[in-house]
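**Student:** what follows is a predicted structure for the sequence shown.
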Protein chains: 2
Amino acid sequence: MRPQKLDRQSIENALSGLSGWTLRDDGEAILKTFKFKNFVEAFGFMTRSALHAEKLDHHPEWFNVYSKVDVTLSTHDAGGLTELDFKLAQLMDSVAV
Amino acid sequence: MRPQKLDRQSIENALSGLSGWTLRDDGEAILKTFKFKNFVEAFGFMTRSALHAEKLDHHPEWFNVYSKVDVTLSTHDAGGLTELDFKLAQLMDSVAV
């Protein structure tokens, strides 16, 4: 069963437990830019994140150029943010260090 | 030594040897959208491409969402397209199959 779309208060609570993530203007996605030393570190982060994403069956939208990775998380099926987005955000933070 | 920026005729020639790549309106980059069956295949392509990119010391700009990868190649140091972009384009095509 897919998680339900979170209401605004739950989103605010979840966001307050994360660092560097912001809510997109439409409230339906969270965004973060990760910066690394070089491409190897950026792509290493992407690879670790990809394994988590596949395991969760929940995938990011992301843009990479050299040492920078712009990430957008949203749950399209639910038309907004769900627990899955915050779970993936935490995992991405944990592998970015 | 970094390759020189290619002139329009050389770009047209190089593009004619590739499939699915288009010239960006400003003439300074080439673009292609790669589509795969799922995230595992899309990220597998990205991983193979990343190894080539790092070896060439020439990196793509790319955007991935699930099974789709939008790639932009350009040589910022040269202010446009160089042989490196076409070399990386060929390598990406070769690992996309």
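**Tutor:** Happy to help now that I have it.
**Student:** how much space separates the closest residue to A:Arg24 other than its chain neighbours from B:Ser74?
**Tutor:** Leaving aside its sequence neighbours, A:Arg24 sits nearest to A:Leu31 (Cβ to Cβ, 6 or more residues apart in numbering or on different chains; 5.7 Å). The C-beta positions use only the backbone N, C-alpha and C, and glycine is treated the same way. Distance of A:Leu31 to B:Ser74, computed by Cβ to Cβ, to the nearest Å: 24 Å.
**Student:** ok, these two, which is more surrounded?
**Tutor:** Neighbours around A:Leu31 and B:Ser74, counted as other Cβ atoms under 10 Å in any protein chain shown, are more numerous at B:Ser74. The numbers are 21 against 17.
**Student:** just checking, the more buried one touches B:Asp85?
**Tutor:** Yes - using Cβ atoms under 8 Å, B:Ser74 is in contact with B:Asp85, at 6.3 Å.
**Student:** identify the contacts common to those two.
**Tutor:** Here B:Ser74 and B:Asp85 share the contacting residues B:Ala29, B:Ile30, scored by Cβ atoms under 8 Å, 6 or more residues apart in numbering or on different chains.
**Student:** where do the strands sit along chain A?
**Tutor:** A:22-23, A:30-35, A:61-65, A:68-73 (DSSP state E).
**Student:** could you dump those strands to TSV with distance to B:Leu51 and mean pLDDT?
**Tutor:** Shown next, in TSV, are the strands of chain A (distance: least, Cβ to Cβ, whole Å; pLDDT from 0 to 100):
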stretch	distance to B:Leu51	mean pLDDT
strand A:22-23	32	98
strand A:30-35	20	98
strand A:61-65	14	98
strand A:68-73	17	98
